[in-house]
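Student: Task: produce atomic coordinates for the following.
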Amino acid sequence: PPGGAVGAALGGAPPWRRGRGRWLAIGAAVAAPALAALLAAFVARGGGAPAPAHAAREYADGVVARVVDLSGPGRDKIESVARDAAGDLYLAGFSGDRSRLGEVALPASRGLERGFVSKVGADGRGRWSRSFTATTKISVGMVAVDGAGRVFAAGHAERGQLDLGDGRRSVDGASAGFVVGLSASDGATLWQHVLSSAGECIVRAGGVGPDGNVYIAGDQAGGVDFGDGVPRESAGPSPFIASYTPEGVVRWVVAGRTGDNARGRVLAFDRGAVLIGGSIAGDVDLAGARWKTGVNRAAFVLSVDQASGTPRWVHRFVGGSDVWAIARAGARLVVGGAFGERFEAMPGQVFDVPPAHGHPWLATLDPVTGEPTWAIDLGRDEETSWGLRALVPLPDGRLVAAGSFAGGLAVGAGVATPNGESDAYLAVIDEGGAITSRAVLSGPGAERIKGLGLVAPGVLAAWGCHDGITLGGTAIASAGVAEGFYAELRLDALFQ
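Tutor: Next up, the predicted model:
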């Protein structure tokens, strides 16, 4: 289906939304009778290390349909979510020290973040949870599942020792990316590639395309080998897209070159093309196009052919900006992100913000040429706002956009201001670019939405991290610096 990697990953209605049955509500003050069974259902793999903590709960406030909460005193975050044809849920991200499942403490991770992939059944019971270990920080930024039920994950680890389930290896550069194929039955590693060099490699996004192949995107420097024995040289971080068969064979790689700093942040699919968005700075060679952007980063979107990796088009925006989200909505290709100071979203349309401020923005591009057709600024001029991080199309052609903000956010009527350090927002945008409704997910600390998807008609999935957050009328406390969450929200109640 259209809508990019996130939309494809979360397509299909889960079984619990098809019938009249309801999940057992488990509130913060109610002990879960099945907690011990749920904990035992998680199978830890990878050096015998216990899995991160996940607890499935149901809330009956009219907005929240389901929550999966990853909690602990350290930093926890859900970075990516996928769902298979049976309605089973796959969660990926990182967990910090002493994460918890309910009141049951799991062994400490020595204060370091640990990457994970967890499978939760359509019935809410844990199937398995897989940890990727390292002597330094590690995070899983992508999980995806194909039509045959095969599971794929990708992420990166910092300098040190990395174990993906087949033994430890050294990460000699600043960071190394990785991509793995996993067994759907128990999470065992079926194949893997470690993307390392003397420089760095960070995998930030990915997914399974409509053609059934695996795609990852991010940035690299220092001559990374993506698994085909060919190093891609770049003096500074530069965006890349790499494609693999479901068995892990490299199909093609598109990698830029720069002596400065460029980042690949998001990947999406669009009618035979795979797209990457992000930012470029300095002197950059990307897919045969050379730019000099100056000191400030400039947003870009690159479209390449899925079959061959041949570039179709590339568009660079003018001014300090970044692309964080891409989605197809009807005939429109929509991109969004953040900008600072003077930003020319399209010819003749310039947005300005004061120095050291940033605003979220949206633009539509022609899918054939990449040229912009309209753009909007979602921020409030005199205040600081943060960026737009996720987009998902609705069946009627509208979009739901999400991100985080501090200061003021001009979405719909009036201006929203955060209760704490920052709040998360959701906004419905029609085909003409007008914002028709909005919702704010607030809390006392920092709330951030990483991704969005549709799991059933009228049910929106959102995930990321929070420091105490209110979803509809349901407050979820935070025990640490940040906790991961996955929530299914009823659209009609959320935006009423």
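Student: so which helix or strand takes in A493?
Tutor: Here A493 sits within helix 491-494, counting by DSSP states H and E.
Student: for that helix, which positions count as buried?
Tutor: L491, A493, L494 (16 or more other C-beta atoms under 10 Å). Heads up, the C-betas are built off the backbone N, CA and C, glycines and all.
Student: ok, now stretch 386-396?
Tutor: W386, G387, L388, R389, A390, L391, V392, P393, L394.
Student: show me the contacts for the fifth one.
Tutor: By C-beta atoms under 8 Å, 6 or more residues apart in numbering, A390 lies in contact with V6, W324, A325, A401, A402, G403, I449, K450, G451, L452, A462.
Student: Kindly indicate which of those residues lies nearest G432.
Tutor: A401 (14.4 Å; C-beta to C-beta).
Student: isn't G468 right up against L441?
Tutor: No: counting by C-beta atoms under 8 Å, G468 sits too far from L441 to count as a contact (10.9 Å).
Student: ok, R490 touching A439?
Tutor: No: using C-beta under 8 Å, R490 makes no contact with A439, being 11.3 Å away.
Student: Now stretch 313-327 - C-alpha only, PDB.
Tutor: Taking C-alpha atoms only, stretch 313-327 is exported to PDB below (Å, rounded to 0.1, in the frame of the first residue of the first chain):
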ATOM      1  CA  TRP A 313      15.300  12.700  -9.600                       C
ATOM      2  CA  VAL A 314      16.700  14.600  -6.600                       C
ATOM      3  CA  HIS A 315      15.400  17.900  -5.100                       C
ATOM      4  CA  ARG A 316      17.300  20.200  -2.800                       C
ATOM      5  CA  PHE A 317      15.500  22.900  -0.800                       C
ATOM      6  CA  VAL A 318      17.200  26.200  -0.200                       C
ATOM      7  CA  GLY A 319      18.000  27.300   3.300                       C
ATOM      8  CA  GLY A 320      18.600  25.600   6.700                       C
ATOM      9  CA  SER A 321      16.300  22.600   6.800                       C
ATOM     10  CA  ASP A 322      15.900  18.900   7.200                       C
ATOM     11  CA  VAL A 323      13.500  16.200   5.900                       C
ATOM     12  CA  TRP A 324      12.200  13.700   8.600                       C
ATOM     13  CA  ALA A 325       9.100  12.300   7.000                       C
ATOM     14  CA  ILE A 326       7.800  11.200   3.500                       C
ATOM     15  CA  ALA A 327       4.400   9.800   2.600                       C
END
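Student: how distant is that stretch from the center of its chain?
Tutor: 17 Å (C-alpha atoms, centre = their mean, to the nearest Å).
Student: Just the pLDDT for V274.
Tutor: V274 carries a pLDDT value of 97.
Student: what does A416 give?
Tutor: pLDDT, A416: 66.
Student: Could you do the one 3 residues further on as well?
Tutor: We note a pLDDT of 65 for N419 in this prediction.
Student: same check, this time on V43
Tutor: At V43, pLDDT is 32.
Student: And for W374?
Tutor: 89.
Student: Which of the buried residues of stretch 386-396 fall in strands?
Tutor: Among these, DSSP state E puts L388, R389, A390, L391, V392, P393 in strands.
Student: so how far is A331 from the last one?
Tutor: Applying C-beta to C-beta, to the nearest Å, the value for P393 to A331 is 11 Å.
Student: average pLDDT for the helix or strand where G337 lies?
Tutor: Element membership for G337 (DSSP H and E) is strand 332-346. Strand 332-346 comes out with an average pLDDT of 89.
Student: Which strands or helices does that strand pack on?
Tutor: strand 273-280, strand 298-305, strand 311-329, strand 349-352, strand 359-365, strand 372-377, strand 388-393 (3 or more C-beta pairs under 8 Å, 6 or more residues apart in numbering; DSSP states H and E).
Student: most packed of those strands?
Tutor: strand 273-280 (a mean of 27; mean count of other C-beta atoms under 10 Å).
Student: Partner strands of that strand, with direction?
Tutor: strand 263-270 (antiparallel), strand 298-305 (antiparallel) (DSSP bridges).
Student: Show me what the helix or strand hosting G218 packs onto, helices and strands only.
Tutor: Taking DSSP H and E as the criterion, G218 maps to strand 214-221. Packing partners of strand 214-221 (3+ C-beta pairs under 8 Å, 6+ apart): strand 138-145, strand 151-163, strand 168-182, strand 200-208, strand 238-244, strand 263-270, strand 273-280.
Student: can I get the CA coordinates of that strand in PDB?
Tutor: Backbone C-alpha positions of strand 214-221 (Å, rounded to 0.1, in the frame of the first residue of the first chain) are rendered in PDB as follows:
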ATOM      1  CA  VAL A 214      14.800  -5.100   2.100                       C
ATOM      2  CA  TYR A 215      15.900  -1.500   2.000                       C
ATOM      3  CA  ILE A 216      17.900   0.500   4.500                       C
ATOM      4  CA  ALA A 217      19.000   4.200   4.600                       C
ATOM      5  CA  GLY A 218      21.300   6.400   6.700                       C
ATOM      6  CA  ASP A 219      24.700   7.900   6.300                       C
ATOM      7  CA  GLN A 220      28.300   6.700   6.200                       C
ATOM      8  CA  ALA A 221      31.900   7.800   5.900                       C
END
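Student: related to what we said a few turns ago, columns distance to A482 on top of the helices and strands packed on strand 332-346, output as CSV?
Tutor: Converted to CSV, the helices and strands packed on strand 332-346 look like this (distance: least, C-beta to C-beta, whole Å):
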stretch, distance to A482
strand 273-280, 24
strand 298-305, 27
strand 311-329, 19
strand 349-352, 30
strand 359-365, 21
strand 372-377, 28
strand 388-393, 15
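Student: Do you know the pLDDT at G72?
Tutor: Value for G72, per-residue pLDDT: 67.
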